[in-house]
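**Q** this one's structure only:
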Ligand SMILES: O=C1CCCN[C@@H]1CCCn1cnc2ccccc2c1=O
């Protein structure tokens, strides 16, 4: 039928799967793989347009490296690959014959790119080297696949930069992290926390990992939104990426790598969707306004259709992504439900009365508010409405997320908050052993609790505050929770 068969608060998993099928994705006959249909691809492209322009301002250049990785290079560094090896997909045959040597499909491109960084970087004038690629990666995961959130192939951008000094690397890590915050908060209207990953959770091959973390109130799970790593000189050592500095001495480069993926779209769907379906933030909506005629038996139907077409033309002229739905085989009511399901942020209805009064009726998808607007001031009104919708969606999501945050000080409080699906802010001694212990003690069928990040914005930590898990002196406030 037309509507969703379950409610968001009743059966979130089923709700999410159904909402995604309303033209964002199509399930594919290989498990963990999904078809990105135009309705979600358009969102990816809008984000890409923003991010690509921003990194170009930072002198990052786009490139493209092969999909295939030779085994020798992939396994070059044991502790980088150790935990990940089971996820690597391999090509072992071509046609009927086996390949002499199996070839891996990139799960990420450090080992693909860095042998060539070593070749291209000779002297300090070759630095900084800043490359990015927009591509797909494959990780053959076995934990439950979820559209956009966890798939065996996904689209992402991966930036790989090399500098002469650590200071330059440290600076870029945070500049990129700010762009990720903007993607989530300014485009997807999703609030995120910027922070540092723990030693346990960071990218094992790097020096430190920063991330933007989102939270899904319905499941009480954190979700890593995007990562920006400083790799230090670890990969430079592994791949011998050296340069001759101004004094003629040989030094190793300092590197970063950073990525966001199509997971962003899943986080947006989970955050904003309701029981009528998707709600798209205007900034990323491929159709921001849908104009629907409401003809009445003997009314001037042609006049109504012409008014719809003229309204779309005026809005498009002003750079607003507007479409009319003049299909004569669907009722206005059916169209309202259909476009609400697809999450179009603003609907405009034009009926006989609107025609007489030279006005249109607007209906907001985020809060349902209806308003009659004179056609003379339509464009300005709609621009304002779209901005209000964008801002309101962010504020509502931020309040919902804040309502989930619980600050705790003891183990018992931690367990209670965890079982109440809270986003937990706790004082922690920052010891890896303790994090591993918390994971072990909270292991359950819904997954263990772990650190999500230590926020850069640290609340006051009074002298003598003890770690909630170990009782040792706490060093920092850290967000904990179950995660995707
Ligand atoms: O996040 C990023 C940002 C973009 C570039 N790569 C880094 C780190 C990727 C970490 N990672 C993640 N899954 C993997 C899966 C298989 C093999 C290797 C890996 C792997 O190295």
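**A** Right, received. Where do you want to start? Owing to the predicted nature of the structure, the values given are computational and were not obtained by experimental measurement.

**Q** All the helices of the protein, in order from the start?
**A** Secondary structure of the chain (DSSP state H): helices located at 12-20, 38-57, 71-74, 78-81, 110-120, 166-182, 234-239, 263-272, 301-317, 332-341, 352-356, 378-404, 411-419, 432-441.

**Q** most tightly surrounded among those?
**A** Among the helices of the chain, the stretch with the highest mean neighbour count (mean count of other CB atoms under 10 Å) is helix 263-272, at a mean of 25. C-betas here are computed from N, CA, C, even on glycine.

**Q** what helices or strands is it leaning on?
**A** helix 12-20, helix 38-57, strand 208-216, strand 221-232, helix 378-404 (3 or more CB pairs under 8 Å, 6 or more residues apart in numbering; DSSP states H and E).

**Q** quick one, what contacts residue 173?
**A** 210, 228, 229, 230, 256, 258 (CB atoms under 8 Å, 6 or more residues apart in numbering).

**Q** Give me the contact list for stretch 291-300.
**A** 301, 304-305, 307-308, 311-312, 315, 322-326, 332, 335-336, 339, 347-352, 354-355, 360.

**Q** and the helices and strands packed on helix 263-272 as JSON lines, adding mean pLDDT?
**A** Below are these laid out as JSON lines (pLDDT from 0 to 100):
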{"stretch": "helix 12-20", "mean pLDDT": "98"}
{"stretch": "helix 38-57", "mean pLDDT": "98"}
{"stretch": "strand 208-216", "mean pLDDT": "98"}
{"stretch": "strand 221-232", "mean pLDDT": "98"}
{"stretch": "helix 378-404", "mean pLDDT": "98"}
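
**Q** hang on, the earlier thing: could you provide the helices of the chain in a markdown table, with additional columns for distance to residue 157?
**A** Output for the helices of the chain, formatted as a markdown table (distance: least, CB to CB, whole Å):
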| stretch | distance to residue 157 |
| --- | --- |
| helix 12-20 | 22 |
| helix 38-57 | 7 |
| helix 71-74 | 21 |
| helix 78-81 | 20 |
| helix 110-120 | 13 |
| helix 166-182 | 10 |
| helix 234-239 | 19 |
| helix 263-272 | 11 |
| helix 301-317 | 29 |
| helix 332-341 | 30 |
| helix 352-356 | 44 |
| helix 378-404 | 23 |
| helix 411-419 | 34 |
| helix 432-441 | 30 |
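
**Q** Can you say which of the ones you listed is nearest to residue 200?
**A** Closest to residue 200 of the helices of the chain, according to CB to CB: helix 432-441, at 4.7 Å.

**Q** picking that back up, which ones among the contacts of residue 173 also lie next to the ligand?
**A** 229, 258 (CB under 6 Å from any ligand atom).

**Q** From residue 102, how far out is residue 69?
**A** Using CB to CB, to the nearest Å, residue 69 is found at 10 Å from residue 102.

**Q** and residue 153, what does it touch?
**A** 32, 33, 136, 137, 138.

**Q** hmm, 6 Å instead?
**A** 33, 136, 138 (CB atoms under 6 Å, 6 or more residues apart in numbering).

**Q** any idea how far the ligand is from it?
**A** Separation of residue 153 from the ligand (CB to the nearest ligand atom, to the nearest Å) stands at 12 Å.
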